[in-house]
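Trainee: What would the 3D arrangement of this be:
(2 chains)
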Amino acid sequence: MSKPEVSSVHQALRKGFKTVESNQQVWRSVLAECDPLMVSLGNLAEQSRALSRIHIANTPLRHFPDLEERLGFKLSLATDTVLLRLHEKMSSLQSVRDAISNQVVLVVQLYEQNTDSLDVLTVTERSPITPSIADMLEWLQDAERHYRQQFLKRKTLLQMLRADNLSLLESAPNRWKSLESPSAEDGITDSLCKVSFFVDSE
Amino acid sequence: MTSANRKCSAVTGSARKIKDNVADWHNLMLRWEKLNEVGFCVAANIVNIKLSRNKQQQLVDESSSSSSSSSPPALELQDECSKLHDIVVKMVAIVTKMEHLMTSQRGIRELEEFQFGPEGRTSPLFHTWSTEQFESSSGFLWEAFSQELKLKQAVLQEVAHTTDPDLDMVFLSCWLHQPYTPPQTRQNLEALLLETGHRPL
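Mentor: Sure, this is the predicted structure:
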């Protein structure tokens, strides 16, 4: 445990877990802010669908000039506004992903540079408060992959949405919800618990 | 206090009147928006009451029982309808005031034609706008809101009587999204506020 390489890798691991921990909170709060936006996106799609199903000429609103076009315009304007705000949220999610990815890449690089002096025994050695380097690297990479994939999936979903494609807009809230993967989130929280003594033991 | 503010606070005559009118436009549109929000909640209540009553009706039909106690929702519906009615009455008052603003603006333009000849005044009252531009701006705003008001009145008359859920939805989105006040109405107001110095340049 006294090798300088080990302590520098440990130091980088600590930093990596701290980054994951703080960014996990940010990620959750940004996603929570997306929920009401997704609800209003669904509502707007529902309104546009209702407008497309009725024939204004057969309703008491028949005397209003260009009502269908005007209401449709206002609805797509409102949809665009919601989409814009969702895209703004995506850039917050992207910065979370970047922060975690950058930190994890640094740890992995540091480990790879020192593989000569870190033999299997050292890498798998663990104590009651310090998990092995191999385990911790794996947990960090799992977390990194989770946020990278989550970001990509959500970004792709949002990029497919257009104010004029009703069926996609209607299904968006459900598909957004289906991207949640509580088990992966729990896994990250678990690993953060496992390293909590290690991170605090500076 | 900036020099522009000081200059404007001392304005008199036509400029004073126009500046006050613009402030009134701002306040009236603000009140309209508040009424619109309250009215939307009431209209949504009406639609929801109808929905739940329809469901009850279906249940009653299925069980084919004799006397249904439909009076509480009917009372509730009546209550909400009169609330919506009160809101529309207030909106009518707002649009009437808007019309006064528009005629007052027209009066100022006519007065200036009388004072300065058919070309109107040569130097602008504030920054760049001619008196005519104020008049056409007011006219544009008034037309938008009076058309919007007609739509609200139609929604008020029909929303409690329709059976088509899609039409209910369209009524609600008409009320909420106000199709006859396009984004230009807001820009128009901001332009008026900027020109008259209510908003700093």
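Trainee: going forward, measure contacts and count neighbours with C-alpha atoms only.
Mentor: Will do.
Trainee: and A:K74, what is it in contact with?
Mentor: Taking C-alpha atoms under 8 Å, 6 or more residues apart in numbering or on different chains as the criterion, A:K74 is in contact with B:177-179, B:182.
Trainee: I misspoke; the intended subject was A:S76.
Mentor: A:S76 makes contact with A:163-164, according to C-alpha under 8 Å, 6+ apart.
Trainee: now do the one 3 residues further on
Mentor: Listed by C-alpha under 8 Å, 6+ apart, the contact partners of A:T79 are A:41, A:44, A:163.
Trainee: So which of the residues you listed is the closest to chain B?
Mentor: The shortest gap between chain B and any of the contacts of A:T79 belongs to A:L44, at 8.8 Å (C-alpha to the nearest C-alpha).
Trainee: Report whether the strand or helix carrying that closest one contacts chain B.
Mentor: For A:L44, the host element (DSSP states H and E) is helix A:4-53. Yes - Helix A:4-53 lies within reach of chain B by C-alpha under 8 Å from any C-alpha of the partner chain, at A:47, A:50-51, A:53.
Trainee: and the helix or strand where B:Q184 lies, how far from the chain's centre?
Mentor: For B:Q184, the enclosing helix or strand under DSSP H and E is helix B:183-195. Averaging C-alpha positions (C-alpha atoms, centre = their mean, to the nearest Å) puts helix B:183-195 15 Å from its chain's average.
Trainee: Which stretches in chain A count as helices?
Mentor: Along chain A, the stretches classed as helices by DSSP state H are A:4-53, A:67-113, A:120-124, A:133-160, A:166-178, A:182-194, A:196-200.
Trainee: burial of B:F116, as a residue count?
Mentor: If you count neighbours by other C-alpha atoms under 10 Å in any protein chain shown, B:F116 ends up with 12.
Trainee: With the one 10 residues further on instead?
Mentor: Using other C-alpha under 10 Å, B:F126 is surrounded by 19 other residues.
Trainee: Now do the same for it: helix, strand or coil?
Mentor: coil (DSSP: H, G, I helix; E, B strand; the rest coil).
Trainee: Identify the residues contacting it.
Mentor: Applying C-alpha under 8 Å, 6+ apart to B:F126 gives the contacts B:15, B:195-197.
Trainee: ok, back up a step: tell me what the helix holding A:L44 is packed against?
Mentor: helix A:67-113, helix A:133-160, helix A:166-178, helix A:196-200, helix B:165-177 (3 or more C-alpha pairs under 8 Å, 6 or more residues apart in numbering or on different chains; DSSP states H and E).
Trainee: Could you identify which of the ones you listed is most buried?
Mentor: helix B:165-177 (a mean of 22; mean count of other C-alpha atoms under 10 Å in any protein chain shown).
Trainee: what residue of chain A is the furthest out?
Mentor: Here chain A reaches farthest from its C-alpha mean at A:H63, the gap being 48.1 Å by C-alpha atoms, centre = their mean.
Trainee: Phi first, then psi, for it.
Mentor: With angles defined as degrees, to the nearest 10, A:H63 sits at phi -80, psi 0.
Trainee: Residues contacting the helix or strand of chain A with the lowest mean pLDDT, please?
Mentor: Lowest mean confidence among the helices and strands of chain A (mean pLDDT, DSSP states H and E): helix A:120-124, at a mean of 90. Here helix A:120-124 makes contact (C-alpha under 8 Å, 6+ apart) with A:1, A:132-135.
Trainee: can you count the residues close to B:N45?
Mentor: 16.
Trainee: What average pLDDT does the helix or strand hosting it get?
Mentor: Using DSSP H and E, B:N45 sits within helix B:13-63. Mean pLDDT, helix B:13-63: 91.
Trainee: out of the residues of helix A:4-53 next to chain B, which are buried?
Mentor: A:47, A:50-51 (16 or more other C-alpha atoms under 10 Å in any protein chain shown).
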